[in-house]
Structure formats: structure tokens, C-alpha cells
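Visitor: structural data only, the sequence is not supplied:
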């Protein structure tokens, strides 16, 4: 389609793509082909690769087991003509979800099925265009790590900026929605963007998008500012050169300074019979100043395996208000981070290099953080090994690294709002 549009006699040869979710994924597929006609893309919560859509450090989302079958169902009519429509990849896809979920390091699909469905890395190699990246920081469908993650050592947003691409970002506290989709914004819960609703909807989005396409497709108007517009969890918008901010400083939290309850995640508790959990209560990050978290918080969790498998899901909360700040999850076989699992043996001690989904949040002075560790949470499946694979967590040997920044009012972005607009 891009090639056809770019070659028509009524076209100036410049093509742009726009859309959300799947329509965002197809933009990266087109960019991966490196067409000289594709001048810009505007992916809104667009899938950049299939594997990180369905798995985070080996933790499997529930839909990972059926999404491939849904593709199969959309291609057949359940009649005699179906054999003409079924290609080998569709049959392979039916098995990909369950095998990846259970097999871990023995999964045969990583080197072919998922690599073929990874597009952002190929676009990075083959394409030269501009990107207006729009992402919901509370998106439950296409998680922020599609933008701010990747294989170990990769942050796609920063890497595209560093490589010289024209990149602009609009990063709001909405879920899987458009920037101006106010009816959806108003439905968000506390801890999931609810505190930002009053200032969330971007009523200027249509004009912003128009000016972007005018410049990159027609050369009309001034060049758009190549910055990141980021919304904090309390609703405040600001301008950053890029995101995560490059000037963020690390605050190291030694979990040995925190109070812990519990030692195992998963399995069955002897007392009560329920799954075992660990809760870590940390003192105030600062008694005098608010702490502005901005970036990818890491948790290096010392753990002992009881099986070749097991999982830890961590929810971070404000210890005073109990409001959710963010979450991280990891299968212990992926303890090194990224996409590469390896076998772990019973009683083997490893450092689980966990990374939280992207967070931009303010922690008031005098407030600490609480970490609640369970074997699963949100829309992730429990580990396939079930009660046979509890993870022994050693909090006294674990640390958390919080990137944080200091900003004054000069970076604040005032967005057009109104008392009747937010409906909150």
C-alpha cells in the first residue's frame, strides 16, 4: 500500500501512517521494509514485536495462549476451502503460546516464529523516517516496555533518538486509548491513571497531528519540536528533551533497610493453605523533599530456585496511601533480564534483574514505598509448574534502583482543559 500510494501520479511520493494498537503494529511492519516513500509513522500504543507483547521476562499474559488461535479462526470458514487458506505459520502459531509458556529455555519458537514477528529492530536497520510516538503509560494491552524496553541493554525510544531519527513523544497516563479519547480516560481507576484524569485528555491532539503531517509529508510549516511530552501520575504535563530523562540520578534502596514479612513467593503456605507472598515496607525515600521517579526502576532480587521455573510479580505502592505506582514481573529462568531464558537448578541462587514498567510518578516527602510480591498479578498467568516451584526471596541481599529527577515550573506544559471537559 505504501509503495502504491507513493508512486501514483497524483502523489508527491511521501506517505505517512497513523493508527492505534494493531494499526500501530502495521506501521512498524511497513517501516521494517524500508520504503523510501514512508516518511513518517504515528504509532499509538502500537505493537513493535509479538513476543514482548505477550511475555515480560518470561511471564506470560493470559492471552498468550489464545491469541495465535484467534488468528487461525480469522482465516478459516470451517469448510472444504480452508486448506487453501491455511499456511504453515498459522498451524505453528497454534502451538507457539503453550510451548513458550511451558518450555522456557527449551522453546523452539524463539529463533524463528517470534523473530519473524519482531519489526522495530528491522525498521531500525532498514528505514529512515520520523516517528511521533504516542503511548499510554497505564496501557494494559500494549505495555510501555514495547517503547521503552527491548532485548537487554535496549531502550527503543532512546536508541532511535540517539541514532538520529526525528522522534517526538506524547506519553500520557491513559490506558489503551487515543490522547483525546476522553470517555475512556474517565473510566480509569486509582493507581491506574485515575489521579491524572483531570488533566489527561489532550484536546489539542488533532491540531498537533495535523501540523506533524503537514511538515513531514508536505514540508509546510515550522519543524515540530522533537521532544517528549510526559504526564506524571498526578496529572501534571511537562516537556522533556527525551524520556526517560538522560539527567536522572539513581536512588539506591537497600531492601535490608526495609521491614519484610514472608520469605517465599508461590507454593502453598503451611499455615492457611494459600499461596505464599512477601511484603516489603521501606521507610520514607526523603523526609524533606518529594521524590520524582522518572524512568525504568530496577529491582535486583536475590532469590533461590526450588525448580526449573517459578515467578515473582511485584506491585509497588505508596506506603502511606496504598496507591499503586507500578509493577514488575519475571520468570526466574529469565533472571538475567531480556528475552533469553536459561535452566535453573533446585537450590540455585540467582539475582533476578527485574525491571518495572515505565514510571513517572511523584512520591511526597515523608512517604516510603511498599513492595508486594506474589506469584502472579494483573493479567499474567501463574507459572505452569504451580505449587512445585516457590521462589525463596532474600530481601536482605536485594536492592532497588530508582531513577529520579528534579524539575522546576519552567518545564510544565499547560494543556487546554475545561471544567466540563474532564467529567471527573
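Guide: Structure's in. What do you need? Please read these numbers as outputs of a predicted model, since none were measured by experiment. Residues are numbered from 1 along each chain as shown.
Visitor: and residue 202, which of the three is it?
Guide: Using DSSP: H, G, I helix; E, B strand; the rest coil, the structure places residue 202 in coil.
Visitor: grab the nearest non-local neighbour of it.
Guide: residue 179 (3.9 Å; Cβ to Cβ, 6 or more residues apart in numbering). Where C-beta positions appear, they are placed from N, C-alpha and C, glycine not excepted.
Visitor: cool, and residue 397?
Guide: residue 302 (4.0 Å).
Visitor: try residue 394
Guide: residue 302 (4.2 Å).
Visitor: what is the burial count for the one you found?
Guide: 17 (other Cβ atoms under 10 Å).
Visitor: show me what secondary structure element comes after the one helix or strand it maps to.
Guide: Per DSSP states H and E, residue 302 falls inside strand 298-304. Sequence order places strand 311-318 as the next helix or strand after strand 298-304, per DSSP H and E.
Visitor: which other helices and strands does that following strand contact?
Guide: Judged by 3 or more Cβ pairs under 8 Å, 6 or more residues apart in numbering; DSSP states H and E, strand 311-318 is in contact with strand 264-268, strand 298-304, strand 324-331, strand 349-355, strand 369-374, strand 391-405.
Visitor: kindly recompute the last result at 6 Å.
Guide: Applying 3 or more Cβ pairs under 6 Å, 6 or more residues apart in numbering; DSSP states H and E, we find strand 311-318 packed against strand 324-331, strand 369-374.
Visitor: surely the residue nearest to residue 202 touches residue 203?
Guide: No - using Cβ atoms under 6 Å, residue 179 is not in contact with residue 203; the gap is 8.9 Å.
Visitor: who's more crowded, those two?
Guide: residue 179 (25 against 14).
Visitor: residues touching that one, list them.
Guide: Residues counted as contacts of residue 179 (Cβ atoms under 6 Å, 6 or more residues apart in numbering) are 170, 172, 202, 205.
Visitor: farthest pair in these?
Guide: The most widely separated members of the contacts of residue 179, counting by Cβ to Cβ, are 172 and 205 (9.8 Å).
Visitor: what about those two, which has more around it?
Guide: The neighbour comparison of residue 172 against residue 205 (other Cβ under 10 Å) goes to residue 172, with 28 against 18.
Visitor: what about the helices in the stretch 151-300 of the chain?
Guide: All helices of the stretch 151-300 of the chain, identified by DSSP state H, counting those that start in this stretch, fall at 156-162, 182-185, 205-218.
Visitor: please tell me how far the residue lying closest to residue 232 once chain neighbours are set aside sits from residue 22.
Guide: Distances taken as Cβ to Cβ, 6+ apart put residue 360 closest to residue 232, at 5.1 Å, once the chain neighbours are dropped. Computed as Cβ to Cβ, to the nearest Å, the residue 360 to residue 22 distance reads 26 Å.
Visitor: so these two - more neighbours on which side?
Guide: Between residue 360 and residue 22, counting by other Cβ under 10 Å, residue 360 is the more crowded of the two (25 against 10).
Visitor: and that one, how far from residue 308?
Guide: Residue 360 is 36 Å from residue 308, by Cβ to Cβ.
Visitor: now swap in residue 283 and tell me
Guide: Separation of residue 283 from residue 308 (Cβ to Cβ) stands at 36 Å.
Visitor: next one: stretch 386-403 to chain centre, how far?
Guide: Distance of stretch 386-403 from its chain centroid, counting by Cα atoms, centre = their mean, to the nearest Å, is 21 Å.
Visitor: now the contacts of residue 179 as TSV including pLDDT and distance to residue 32?
Guide: Output for the contacts of residue 179, formatted as TSV (pLDDT from 0 to 100; distance: Cβ to Cβ, whole Å):
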residue	pLDDT	distance to residue 32
170	98	23
172	98	27
202	95	29
205	96	26
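Visitor: follow-up on the earlier one: residue 393 is in contact with the residue nearest to residue 397, correct?
Guide: No - counting by Cβ under 6 Å, residue 302 sits too far from residue 393 to count as a contact (7.5 Å).
Visitor: what residue ranges in the protein score low on pLDDT?
Guide: Along the chain, segments meeting pLDDT under 70 span 69-76, 82-83, 85-86, 109-111, 268-274, 418-424.
Visitor: where is the longest helix in it?
Guide: Counting by DSSP state H, the longest helix found in the chain is helix 88-103.
Visitor: can you name the element that comes right after that one?
Guide: Next along from helix 88-103, by DSSP H and E: helix 115-116.
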